[in-house]
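> prediction below, plus the sequence it came from.
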Amino acid sequence: MKLELLETQLGEKKAEHQKVTNELRKLQWEYDDAIDKPRKQKLIGTFYKYRNNYSCPEKPSDYWWLYIHVTGLKGTMLIGNTFQTDKYGKCEFEKERVADSVIAGAKKITKAEYIKALNKFSDKLARLSL
């Protein structure tokens, strides 16, 4: 009988603990969003290039540029257009979430530099389809 009572009490305490933990997480997310969102809103409309690579690069030719245009926010997630041609010639253009860590490691560039790279990328795609 005592074991059943202890199990019941333990279950109730665990449920209370989970409820408080969930409330704390929610408050932390709201706090982080309140601080982070204004900073991220300032990034909308900016352009970057990031030195990308696959794991274990060994030489300079193992790297290529990933170009990023931050176009908006979805909640507090950065959204943007990205394009790249990897070291094997694979061309990718995506509308996607942009990781904060990529922006933190990227070099800010002008719109003109971004457009020049995008035009070069587009020309490369046009030549592939011929």
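Arrived safely.
> pLDDT weak spots in this protein?
For the chain, the stretches flagged by pLDDT under 70 are 129-130.
> go again with 80.
Counting by pLDDT under 80, the chain shows low-confidence ranges at 1, 129-130.
> got the domain ranges for it?
1-42, 43-128 (automatic domain parsing).
> same list (those domains) but as TSV, adding mean neighbour count.
C-beta here means a position set from N, CA and C on the backbone, and glycine is covered the same way. Below are the domains of the chain laid out as TSV (neighbours: other CB atoms under 10 Å):
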stretch	mean neighbour count
domain 1-42	10
domain 43-128	14
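> what helices or strands is the lengthiest helix in the chain leaning on?
Among the segments of the chain that qualify as a helix by DSSP state H, the longest is helix 2-41. Using 3 or more CB pairs under 8 Å, 6 or more residues apart in numbering; DSSP states H and E as the contact test, the elements touching helix 2-41 are strand 63-74.
> residue contacts, the residue most central in space within the chain?
Centroid check for the chain by CA atoms, centre = their mean gives residue 99 as the closest residue, at 1.6 Å. Shown in contact with residue 99 (CB atoms under 8 Å, 6 or more residues apart in numbering): residue 78.
> look up how far residue 3 lies from it.
50 Å (CB to CB, to the nearest Å).
> likewise for residue 35?
With CB to CB as the criterion, residue 35 and residue 3 are 48 Å apart.
> go on, residue 78?
Per CB to CB, residue 78 is found 53 Å from residue 3.
> could you do residue 94 as well?
57 Å.
> sweet, I'm off.
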